[in-house]
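> give the three-dimensional model of this entry:
(3 chains)
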Amino acid sequence: MAATSVPSEEIRAATFQRLYPKTYLERFLQENVRPDGRDFLEFRDCSINVGSISTADGSSLVRLGDTTVVCGVKAEIAEPDLDAPEDGFLVPNLDLPPLCSPKYKPGPPSDDAQVISSRLNEALILSGMLPTKSLCIQPGKFVWVLYVDATCINYNGNVFDATLLAMVAALKNARLPKAVYHEETNHVTCSRKLREPLSLSGTPLASTFGVFDSSHLLADPTAFEEPLLETTVTIITDNGGRLLSTSQLGQYLPPEMDVLSECITNAKSRTTEIMKHILAI
Amino acid sequence: MDVDLKLPGQPIQIPRGPAPQLSNGVYSRDGQVRASLVGIPIYQASTLSIRRVRPHPPTSNSIVLGTVTRLSPIQATVSITVVDGIPLLPGEEFTGVIRVQDVRATDKDRVKMGDCFRGGDVVKGVVISLGDAQSYYITTARNDLGVIFATSEAGYTMQAASWQEMRCPKTGKIEKRKCAKPEGL
Amino acid sequence: MSTNFDRRRINGPEDSFSPVLVDDDEDETKWRPGKPRQSRQPQDIRPIFLQPGLISQANGSAYIETERTKIACAVYGPRQSKNVGYIERGRLNVQVKFAPFSCHKRRAPIRDAEDRSIAVLIHQSLVSSVRLELFPKSTIDVFLTIIENDGIDSCVATGTVAASTALADAGIEMLGLVTSCAATLMGEEIWLDPNHDEATAGASTLVLACMPALNVVTSVWQNGTISPKQGLECMKACQERCETIHSIVAQSLVSNFTPE
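I've put the predicted structure just below:
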């Protein structure tokens, strides 16, 4: 019979975790450690690779622990809006395919993907990282459209931080072909060889924290921890450590925890850390 | 690396003597026994198998753990989360039912489902058949099977007091359940 | 052209087009039809990087890279089949998705016929290898994301290898590992494992999938004009190369195996 062999210690722990997730997490936190061995306010290691996708005008692969996001920038040309003749377009989207997690099913974008995409869009706009006027080819005629598409390959939590970082890295890696407007024929041709980087300023970076059981603040939550959190706080700062956005999702926070200021302090040191990776691109 | 490690399709040499019974992870084709999983073939008595370490669907005699999701006078619906000691991914649960006649071995006619299970209880059971299109049939008619975890009306984890009662540690109140005999007793 | 407006996504302008690239001066190093093969012999395949188990959230997975073809594959299940009657045999479901940046022209995120036809071909290569009779009432989901596309034939062959590796990683019982190799007929020569430019220039392409351990072919897909004799030669060449790929798959699974 199949079930006669004794399950190993590892499988027993996995069974307990599966059946009683909350108790499982509580027991770790009582010992002042998280299930993956991290301290409460410790972020996972992060790695950034850029430029490995030749079909994209800029690309990146970001790993935050084992959460993995690939991002590609594709540049296309369009007519500007009538009321903004010199403004190009920046179009960020995140796809959470069923490949990345059992949570997601095939079909149109899930609620998570829609919410995260619109938060990414806000973060990129708020930061003023890429002035849309810099994407103008010929006022009123042609502007660049940058499609910044990210796809999650492995969803182990905190995909927002990972994706924003992937988008920033892909934009830094992007090179646009030099465009020439021909007035006589009213069209644009581009050079195959001459390519230029984008004129970027500012780097928005996100740090996400979760509150568990109204008592523990956990940085960079995993997919296992996420559903057990009652509140999630995301701090977005720029590379100078200035606050761009603070958002809190979920329950009321007890004032004695002073969650927000603790998050902001930790977000700043995290940003400094990540900037080292970005500058190395 | 381990010389005994086999990959799907690789032949397995069978020692001389009576042919072994083939179980999980191995098959025979054109007279040749081969592996169908990645792993090391093991002999237990006269049975040859490769251990399954990844989640797999329940089959007859699988030991399953699951949460009671629905209760009716004729059956309890269970969301199966662990099969043969291996947890399934969240969202990949199988649906099982414990029919009223499969709750316990004795006095079957007088079983009241409400006195045996409540929604949210974690139950240990054995699969008796693949059931119908919707669910697997599970039995708890053995001493070591039944409720292994339940929360009292006051919200505390209860302890088994007998095979059909559990006690709330805070209020001391007794609630009825078909309990599994705790492991190691 | 109809717009791609979808309120569930961040939308760009109604219409946009790929930049028109003009050759300032011809790139002499680029391969062109009629030239001999660059940087490898006709019977050589591109180096394969194959890593099982990278997607920790899935039951099994594999990432594969052969120069510019990059594919991630995850296996979920066996899951209980929903909304179908009692079925004796399990179902194998294969779905393929192109990342929007995976091709020369941006692929708007809609499922099109190409995704499906690749999925059907990969399904065909794999289905006879999986012991579906062991999974009544269940569905095994195989999801592939093409991160970079360097030719459809390459996607089918490489995707098949990734999927079979991911199935083995997921502990799905199989008769044998499936490997696959593509070929194109370039003049009188057979070029194995063609990239996009080579496959487009060839008179005919063929993708063969087989289980080398059992010496059986599971799928052959041929396109374009070819004489039966050359067709058989292509199959033979692909099948031989599948042995090489099989040992790469085997090696990746062996080094990923952790005894308890």
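
> so where's chain B uncertain?
Residues of chain B that meet the criterion pLDDT under 70 lie in B:1-3, B:183-185.

> where do the strands of the chain begin and end?
Reading this off chain A. A:46-50, A:58-64, A:67-78, A:89-95, A:136-138, A:142-154, A:175-182, A:187-197, A:205-212, A:216-219, A:231-237, A:243-250 (DSSP state E).

> that's the other chain; I wanted chain C
Under DSSP E, chain C gives strands at C:21-22, C:49-52, C:60-66, C:69-80, C:91-98, C:138-148, C:179-186, C:189-192, C:204-211, C:216-224.

> can you add mean pLDDT and give these back as JSON lines?
Converted to JSON lines, the strands of chain C look like this (pLDDT from 0 to 100):
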{"stretch": "strand C:21-22", "mean pLDDT": "86"}
{"stretch": "strand C:49-52", "mean pLDDT": "98"}
{"stretch": "strand C:60-66", "mean pLDDT": "97"}
{"stretch": "strand C:69-80", "mean pLDDT": "96"}
{"stretch": "strand C:91-98", "mean pLDDT": "96"}
{"stretch": "strand C:138-148", "mean pLDDT": "97"}
{"stretch": "strand C:179-186", "mean pLDDT": "97"}
{"stretch": "strand C:189-192", "mean pLDDT": "96"}
{"stretch": "strand C:204-211", "mean pLDDT": "98"}
{"stretch": "strand C:216-224", "mean pLDDT": "97"}
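
> TSV for the ones you listed, including mean neighbour count and distance to chain A?
All C-beta spots, glycine's among them, are computed from the backbone N, C-alpha and C. Formatted as TSV, those follow (neighbours: other C-beta atoms under 10 Å in any protein chain shown; distance: least, C-beta to the nearest C-beta, whole Å):
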stretch	mean neighbour count	distance to chain A
strand C:21-22	12	5
strand C:49-52	18	12
strand C:60-66	25	8
strand C:69-80	27	4
strand C:91-98	22	6
strand C:138-148	24	4
strand C:179-186	27	19
strand C:189-192	20	21
strand C:204-211	25	20
strand C:216-224	17	23
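
> so for residue B:67, which of the strands of chain A sits nearest?
Judged by C-beta to C-beta, the one of those that comes nearest to residue B:67 is strand A:205-212, at 21.7 Å.

> tell me the angle the closest one makes with strand A:231-237.
Angle, strand A:205-212 to strand A:231-237, by axes from the mean of the first three to the mean of the last three C-alpha atoms, to 10 degrees: 160 degrees.

> strand A:205-212 pairs with which strands, parallel or anti?
Partners of strand A:205-212 in the sheet, by DSSP bridges, are strand A:216-219 (antiparallel), strand A:231-237 (antiparallel).

> other residues contacting the longest one?
Residues external to strand A:231-237 that are found in contact with it (C-beta atoms under 8 Å, 6 or more residues apart in numbering or on different chains): A:119, A:123, A:126-127, A:160-161, A:164, A:204-211, A:221, A:226, A:243-251, A:253, A:259-260, A:263-264, A:267-268, A:271.

> tell me what the helix or strand encompassing residue B:69 is packed against?
Using DSSP states H and E, residue B:69 maps to strand B:63-71. Strand B:63-71 sits against helix A:9-19, strand B:75-83, strand B:122-129, strand B:136-139, with contacts defined as 3 or more C-beta pairs under 8 Å, 6 or more residues apart in numbering or on different chains; DSSP states H and E.

> which one of the ones you listed lies closest to residue A:36?
The closest of the helices and strands packed on strand B:63-71 to residue A:36 is helix A:9-19. By C-beta to C-beta, the value is 11.8 Å.

> which strands or helices does the closest one pack on?
On a contact count with 3+ C-beta pairs under 8 Å, 6+ apart, helix A:9-19 meets helix A:21-30, strand B:63-71, strand B:75-83, strand B:86-87.

> how about the CA coordinates for that helix, as PDB?
Extracted in PDB, the C-alpha atoms of helix A:9-19 (Å, rounded to 0.1, in the frame of the first residue of the first chain):
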ATOM      1  CA  GLU A   9      10.300  15.500   8.800                       C
ATOM      2  CA  GLU A  10      10.200  18.000   5.900                       C
ATOM      3  CA  ILE A  11       6.900  16.600   4.600                       C
ATOM      4  CA  ARG A  12       5.400  16.700   8.100                       C
ATOM      5  CA  ALA A  13       6.300  20.300   8.500                       C
ATOM      6  CA  ALA A  14       4.800  21.000   5.000                       C
ATOM      7  CA  THR A  15       1.600  19.300   6.000                       C
ATOM      8  CA  PHE A  16       1.300  21.300   9.100                       C
ATOM      9  CA  GLN A  17       2.000  24.500   7.200                       C
ATOM     10  CA  ARG A  18      -0.700  23.600   4.700                       C
ATOM     11  CA  LEU A  19      -3.300  22.700   7.300                       C
END
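
> picking up where we left off before, which of the helices and strands packed on helix A:9-19 sits most buried?
strand B:75-83 (a mean of 23; mean count of other C-beta atoms under 10 Å in any protein chain shown).

> tally of neighbours for the closest residue in space to residue B:32 that isn't next to it in sequence?
Residue nearest to residue B:32 in three dimensions, not counting chain neighbours: residue B:11, with 5.4 Å by C-beta to C-beta, 6 or more residues apart in numbering or on different chains. Close neighbours of residue B:11, defined as other C-beta atoms under 10 Å in any protein chain shown, add up to 13.

> list the residues that contact residue B:11.
For residue B:11, the contacting residues are B:32-34, C:213, by C-beta under 8 Å, 6+ apart.

> just the buried members of those?
With burial judged by 16 or more other C-beta atoms under 10 Å in any protein chain shown, the buried subset of these is B:33-34, C:213.

> and which of these is nearest to chain A?
Top of the list for closeness to chain A, among the buried ones among the contacts of residue B:11 and by C-beta to the nearest C-beta, is residue B:33 at 18.7 Å.

> surely that closest one is within a helix?
No - under the criterion used here (DSSP: H, G, I helix; E, B strand; the rest coil), residue B:33 is strand, not part of a helix.

> around chain B, pick out the residues from the stretch 151-260 of chain C.
Contact residues, the stretch 151-260 of chain C versus chain B (C-beta under 8 Å from any C-beta of the partner chain): C:168-177, C:211-214, C:250, C:253-255, C:257, C:259-260.

> going through these, which ones are buried?
Neighbour-count burial within these applies to C:168-177, C:211-214, C:250, C:253, C:257; the criterion is 16+ other C-beta under 10 Å.

> among those residues, name the ones in helices.
C:168-169, C:250, C:253 (DSSP state H).

> for those residues, which two are the farthest from each other?
Greatest spatial distance among these (C-beta to C-beta): C:169 and C:250, at 12.6 Å.

> isn't residue B:181 right up against residue B:163?
Yes - counting by C-beta atoms under 8 Å, residue B:181 touches residue B:163, with 6.9 Å between them.

> quick check: residues of chain B near chain C?
With C-beta under 8 Å from any C-beta as the criterion, chain B comes near chain C at residues B:1-2, B:5, B:7-11, B:24-25, B:27, B:29, B:34, B:36-40, B:52-57, B:89, B:92-95, B:130, B:132-133.
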